[in-house]
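# Sequence and computational prediction follow.
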Amino acid sequence: MKKMILLFLISMSVLWLTGQVWADTNTSLKTAQDHYTMGNAFYSYGIVENATREYQIAVSMDPNLSDAWNNLGLSLTAQKRYSEAKDALENATRLNSTDPEGWYNLGYTLGMLGNKSEEVSAYEKAISINPNMTIAWRNIGVVRYEEQNYTGAAEAFEKATKFDPSSALGWYYLGTVYEKTGNLTGAADVLKRAVDMDKNLTMAKDRLKAVEKNLSDSSSSSSVTPSQATGKKTPLPAVVVIFSLVVAATVMFFRR
């Protein structure tokens, strides 16, 4: 019963907030933090154009609000406005150089712009702050793989699986790189782990069959080009909490 009441209150707050926002947002929001919170609310519901507007207002009111710059970069990235996103994320990392997520998001955006060396540098800054940031290690591996630097890719994917051994996709990525370097025994081992973890990971099953065939057939080539290359992940989610809408609604109510 308590959970149902809480969900009802949240739903009513969301409905009330939506109506108020569309009615007259600017008269209710007074501070940069208000607009930042409202931006988070829009972003959490996928309304990225409105989120962008709120984050832009927030940073115009307080240019030192690093989280607003970071989330502005994310909302722009979601709209494929990568050059603008890069500028916003550079501001975020300048204001808060110890936030690994800011560096990761900047790296991802640089990658979308085709700046691979700068992309990797940003990921490396992220992991220098948070060494077990798996997603950064994984994307370094992806870039190295695309550059056909399979040794470098293997090192990055090994780090990724070390810090997140429960990811079937991570083991699959490592297996494809081992296969490319001719380490078929290692490839078979890690691909088996991937399949054991996720029976529905078809691409891992396909690669495992190919590798096992190569191992059993001495006359075959030592490596077969993987059927599916590794791929980048999406940017990290914005700094949003589940009750951001309720908080924003409360702020607007008391400021009326």
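On my side now, so go ahead. Residues are numbered from 1 along each chain as shown.

# Flag the shaky bits of the stretch 101-250 of the chain, pLDDT-wise.
Low-confidence regions of the stretch 101-250 of the chain, defined by pLDDT under 70, span residues 218-250.

# Would you map the strands across it?
In the stretch 101-250 of the chain, no segments count as strands under DSSP state E, counting those that start in this stretch.

# Do you have the helices of it handy? List them.
Across the stretch 101-250 of the chain, reading from the start of the chain, the helices by DSSP state H, counting those that start in this stretch fall at 116-129, 134-146, 150-163, 168-180, 184-197, 202-216, 244-255.

# Helix 150-163 and the fourth one, what's the angle between them?
Calculated by axes from the mean of the first three to the mean of the last three CA atoms, to 10 degrees, helix 168-180 forms an angle of 150 degrees with helix 150-163.

# got it, and the first one?
Taking the same axes, to 10 degrees, one finds helix 116-129 and helix 150-163 inclined to each other by 30 degrees.

# same thing with the second one?
In terms of direction (the same axes, to 10 degrees), helix 134-146 departs from helix 150-163 by 160 degrees.

# what's next to helix 134-146, contact-wise?
Around helix 134-146, the neighbours that count as contacts under CB atoms under 8 Å, 6 or more residues apart in numbering are 100, 104, 107-108, 111, 116, 119-120, 123-124, 126-127, 130, 150, 152-154, 156-157, 159-160, 163-164, 167, 170, 173, 176-177, 229-233, 236. Glycine gets a C-beta too; all of them are placed from N, C-alpha and C.

# Now which of the residues you listed would you call buried?
Neighbour counting over the contacts of helix 134-146 (16 or more other CB atoms under 10 Å) leaves 100, 104, 107-108, 111, 119-120, 123, 126-127, 130, 150, 152-154, 156-157, 159-160, 163-164, 167, 170, 173, 176-177, 230, 236 as the buried ones.

# Quick one: end-to-end length of stretch 129-140, please.
Taking CA to CA, to the nearest Å, the first and last residues of stretch 129-140 lie 15 Å apart.

# List the buried residues in it.
Neighbour-count burial for stretch 129-140, with 16+ other CB under 10 Å as criterion, is recorded at Ile129, Asn130, Met133, Thr134, Ile135, Ala136, Trp137, Arg138, Asn139, Ile140.

# before we move on, what about stretch 61-76?
Buried residues in stretch 61-76, counting neighbours by 16+ other CB under 10 Å, are found at 61, 65-76.

# so how far is Thr77 from His35?
Using CB to CB, to the nearest Å, one obtains 19 Å as the distance from His35 to Thr77.

# Looking only at neighbour counts, state which of the two leads.
Between His35 and Thr77, counted using other CB atoms under 10 Å, His35 has the larger neighbour count: 26 against 22.

# Quick check: the more buried one touching Leu29?
Yes - using CB atoms under 8 Å, His35 makes contact with Leu29 at a distance of 5.3 Å.

# joint contacts of the two?
Residues touching both His35 and Leu29 (CB under 8 Å, 6+ apart): Glu54, Ile57.
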